[in-house]
Structure formats: C-alpha cells, structure tokens
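Sequence first, predicted model second:
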Amino acid sequence: MPAFFTGDRVSDYYLALAQPLLLLLLLLVLAVRVPALLRSAGGADRAPMALRAVNVVGAALLFAGTVAELVLDPEQDRMDVPPGYSQGAVHGLYLACGSCGAAAWACVLGLALFEARCGRNAGRSTRLWLMLSALLACLRFASDVERLATGSAPLDGVARARLGVFAVSAVVGLVALCQPDSPSDAAYAQPAAPSPSAGPASPGRGSGHGARLLPPAEEAAPAEGAEGKRNKEATASFWSRFTFSWLSGILWLGSRRALEQSDLFSLQTADATAHTSAEMAAAWRWEQRRRPGRGVFLRAFHRAYGPYFWTTGLFQVANTSLMFANPLLINTLVRYLSGEHPLSPTAAVVCALGMFVANSAKSLALGQYFFRGFRLGLRAKSAIGQLVFAKARCAETRRDEPR
C-alpha cells in the first residue's frame, strides 16, 4: 500500500479514494432523508428562506467547481503517483474518483432543491456529511498550498478551481455546523394515544415510539410546560447544542432579573412525563409478553433508554481518549525543539493547533456527557415513578373491590 503521508501532507491517493466513500455515505443519507422529507412535505412550520438559498447555491457552486477540475485537468497530471504503480492506472483512478465527487455534489444539489421545496433546512445527516466533506477539502487545500509553495504546481486554472472548491466547501461546512434544525410542532406535540377500537400497538424502541401506547385516560392530559415558550433546543444547531448557546438568552435574562414561570422553556415531547412513562410502560409490556411472569425490568429499561445511554457513553469515551492526546503532542513538540525528532515547521504548527483542538473537543464532550446523563436520569425517574404509582393504584383498586 502507498504511504499515507507524502512529506507533511496526506497522499493524493488516499484523498482521492475518500471521494467514492463520501458518495456511498451520501447514498445512505439520501435513503434516510428523502423519506423523512416526503413525510414532512406540506407541514405548517417552514425554515427561513435564506438558509435554504445558502444550501442550494453552495451545492451548485461545488458541483460546478468539481466539474471544472475534471474538464481543465482530465489527465490528472499534477497528482501523486505512488512508487511501483502504473501512472496511467493511477491517473484513471483519480479521474474516476473525481467523477464520484462530481456525482456526489450533483446529488447534494438535488437534495438541497428538494429540501427547499419542502421548506426544510438541511437534515442532521446531511449536515454531518457536509462537515465531513469540508474536512476532506481542508486536507486537499493543505496539499495544494504545499504544491504552490514549493513550485511543483503552477497557479493556473486548475489550481484556482481547486482553491475555489475549498473556499466554498469550507463555508458550506461552517453553515452546516451552525444551521438550526427545521422548526416543527412535533417537538412539542402531545404523545398520541391509540383509539379504543385500535388493536394493540407494538412497543417502540428508543425515543418517540412508546408514546403511542398512552392509555385513553392520559391522552387528554396537558403537556408539562405547555404554557411556556418554545424550547430552543428543539431547533438548535450542532454548534449550539455542543456549546449550549441555545441557553444564552435565558441565562442573560436571569442575570438581569429573577426568572418567572413564563420565562422558562416548555418541555419537549421526549422529556415530558407522559412520553417517558408511556415509553417505559411499552418496553415493560413487551418484556412481560416475551417472558410471562419472569420479565426482567433491567432489560425493559435498556429497550426504552439503551440507545440514548450508549450514545451518552460515547461522549465519555471521547473525553477519556482525548486526555492522551496532549501528552503525545507535547512529547512530539519537545523532541522537535530539542532536535531529537525531525519535523517541519508546518507539522510543528499543526501539533500546536492539535493541542488546542483536543482540549476544546475534550471539554465539549465532557459537557455533553454530564448534560445527557442528568437528562437520562430525570427521564428514568419520572418514568419509573409513574409506573410505580400506576401499580400502587391498581393494587389499591383491587383491595377496595368487594370479595
């Protein structure tokens, strides 16, 4: 296999192979996003037009720039050829990978137009893909800058097209990081209960499905916090969720005066007691049907909250892993400064930036771990409390019945 690094940059061979992988990931995104858009088409809440325009224009520019690269440099002569590989075969591979990149941006453009027609912002899976694509563009940009600095490639039309693709991709990636979710009444809607004539519903797994199993007596109960303001977390962007900036307004208001009930956010559907108790009850009924009289409560709890629990654990894994990044990077820089380790100035700067990024990511991951952990605890307490209360009420009813 070719070396992963060529000097201080990632080899063009692996940067090219990443484009078909991005196309495959995009196909998965389309498989998830398009059905969701078809279900939400015609909804009452619509995203701001400006954000939709940014998505469409950015995707169109990136598609045009990728096609311009292929047209201006069909032979891919300036790309690295790993030792021992046929030049023609490698250039053909680069051309095929570039075509995959153009096809990917054509798909993104079509998806952006469809989202704009439905009045929706880019979905979370789409925004994750755009951020991953921006990261790949940054690696390509570092390679292009080194070529221009060393004079191994001229500043011609191809170089300008590649630099333009990087600039637009970086902007699109930043917009995806800061773009909010589409407004939706579903985040605050009452959990729906089945009609008395409906058959037994199958228990859901994870957030949102068990709410369909609410008994008719609880169907008319008002949602907690319904009189409050809409919770901004429901439409917060990735950046806002990680930095908790969606709380900035209420924190600023609390620093100016005492908060009132009307200042607080209303609960989201997933945090409401009616939803969490119905979700837990559905999982427990599923466990009882699975093992009549011998159901295991922990297994039912895992069915209801397992995905959220394990996702929360991943943040702690990330936090613990990043704790080892700084010692390794500091050791590399100390050896570089003492002359024990040959390292270019560019690589040394990258190591210093890596320390900053690792510390920032570690802090963000730890904040998410604690926030999600406390939220999961509150959901579990409210759900189990409701189950215990329902059980006690049933026992009291049986005790009062005439024998």
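Yes, it's here.

ok, the nearest residue to residue 10 once chain neighbours are set aside - how many residues close by?
On the basis of C-beta to C-beta, 6 or more residues apart in numbering, the spatially nearest residue to residue 10 that is not a chain neighbour turns out to be residue 139, at 5.2 Å. From N, CA and C alone the C-beta is placed, and that goes for glycine too. Residue crowding around residue 139 was assessed by other C-beta atoms under 10 Å; the count is 15.

in what helix or strand does residue 139 lie?
Counting by DSSP states H and E, the element that carries residue 139 is helix 124-150.

Could you list the buried residues of that helix?
Counting neighbours by 16 or more other C-beta atoms under 10 Å, one finds that the buried residues in helix 124-150 are 124-134, 136-137, 140-144, 146-147.

what's the angle from the following helix or strand past that helix to helix 124-150?
Later in the chain than helix 124-150, the nearest helix or strand by DSSP H and E is helix 157-178. Taking axes from the mean of the first three to the mean of the last three C-alpha atoms, to 10 degrees, helix 157-178 and helix 124-150 form an angle of 140 degrees between their directions.

With just CA atoms, put helix 157-178 into CSV.
These are the backbone C-alpha positions of helix 157-178, laid out as CSV (Å, rounded to 0.1, in the frame of the first residue of the first chain):
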residue,chain,number,x,y,z
GLY,A,157,-6.9,27.5,-13.8
VAL,A,158,-6.9,24.0,-12.2
ALA,A,159,-5.3,25.4,-9.0
ARG,A,160,-7.8,28.3,-8.9
ALA,A,161,-10.7,25.8,-9.3
ARG,A,162,-9.4,23.6,-6.5
LEU,A,163,-8.9,26.6,-4.2
GLY,A,164,-12.4,27.8,-5.1
VAL,A,165,-13.8,24.4,-4.2
PHE,A,166,-12.1,24.5,-0.9
ALA,A,167,-13.4,28.0,-0.1
VAL,A,168,-17.0,27.2,-0.9
SER,A,169,-16.8,23.8,0.8
ALA,A,170,-15.4,25.4,4.0
VAL,A,171,-18.2,28.0,4.0
VAL,A,172,-20.8,25.3,3.4
GLY,A,173,-19.3,23.2,6.2
LEU,A,174,-19.4,26.1,8.7
VAL,A,175,-23.0,26.8,7.7
ALA,A,176,-23.9,23.2,8.2
LEU,A,177,-22.3,23.3,11.7
CYS,A,178,-24.3,26.4,12.7
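
who does it touch, helix- and strand-wise?
Using 3 or more C-beta pairs under 8 Å, 6 or more residues apart in numbering; DSSP states H and E as the contact criterion, the elements in contact with helix 157-178 are helix 49-72, helix 124-150, helix 238-243.

Residue 4: which of these is closest?
Within these, the stretch nearest residue 4 is helix 124-150; the backing value is 11.3 Å (C-beta to C-beta).

for the record, mean pLDDT for the closest one?
The average pLDDT within helix 124-150 is 89.

ditto for stretch 21-37
In the prediction, stretch 21-37 has an average pLDDT of 94.

and what of stretch 345-356?
Throughout stretch 345-356, pLDDT has a mean value of 86.

Give the buried residues for it.
With burial defined by 16+ other C-beta under 10 Å, the residues of stretch 345-356 counted as buried are 347, 348, 351, 354, 355.

among those residues, which are in strands?
Counting by DSSP state E, none of the members of those fall within strands.

okay if I get the helices and strands packed on helix 157-178 as TSV plus distance to residue 179?
What follows is the helices and strands packed on helix 157-178, written out as TSV (distance: least, C-beta to C-beta, whole Å):
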stretch	distance to residue 179
helix 49-72	6
helix 124-150	6
helix 238-243	8
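
pLDDT weak spots in the stretch 101-250 of the chain?
Scanning the stretch 101-250 of the chain for pLDDT under 70 picks out 184-228.

neighbours of the residue nearest to residue 341 when sequence neighbours are not counted, just the number please.
Using C-beta to C-beta, 6+ apart and skipping residues adjacent in sequence, the residue nearest residue 341 is residue 335, 3.7 Å away. The burial count assigned to residue 335 is 13, neighbours taken as other C-beta under 10 Å.

What are the buried residues along the helix or strand harbouring residue 335?
Taking DSSP H and E as the criterion, residue 335 maps to helix 325-337. Using 16+ other C-beta under 10 Å as the burial criterion, the residues of helix 325-337 that qualify are 325, 329, 332, 333, 336.

Need phi/psi at the closest residue to the last one other than its chain neighbours.
Here the nearest residue to residue 336 in space, its sequence neighbours aside, is residue 343; by C-beta to C-beta, 6+ apart that works out to 4.2 Å. For residue 343, the backbone dihedrals (degrees, to the nearest 10) come out as phi -150, psi 140.

What residues does residue 343 make contact with?
The neighbours of residue 343, taking C-beta atoms under 8 Å, 6 or more residues apart in numbering as the test, are 332, 335, 336, 351.

For these, work out which two are farthest apart.
The most widely separated members of these, counting by C-beta to C-beta, are 335 and 351 (10.5 Å).

picking that back up, state the distance from the residue nearest to residue 336 to residue 3.
17 Å (C-beta to C-beta, to the nearest Å).

coming back round to it: the helix holding residue 139 - contacts with which helices or strands?
Applying 3+ C-beta pairs under 8 Å, 6+ apart, we find helix 124-150 packed against strand 9-10, helix 12-40, helix 87-118, helix 157-178, helix 238-243.

6 Å instead?
Contact analysis of helix 124-150 by 3 or more C-beta pairs under 6 Å, 6 or more residues apart in numbering; DSSP states H and E lists strand 9-10, helix 12-40, helix 157-178 as its packing neighbours.

and residue 365, what is it in contact with?
315, 318, 319 (C-beta atoms under 6 Å, 6 or more residues apart in numbering).

Checking my notes, it in a strand, right?
No. Following the definition DSSP: H, G, I helix; E, B strand; the rest coil, residue 365 is helix and is not counted among the residues of a strand.

Tell me, what's the model's pLDDT at it?
According to the predicted model, the pLDDT of residue 365 comes to 95.

Where does pLDDT dip in the stretch 301-403 of the chain?
For the stretch 301-403 of the chain, applying pLDDT under 70 flags the ranges 395-403.
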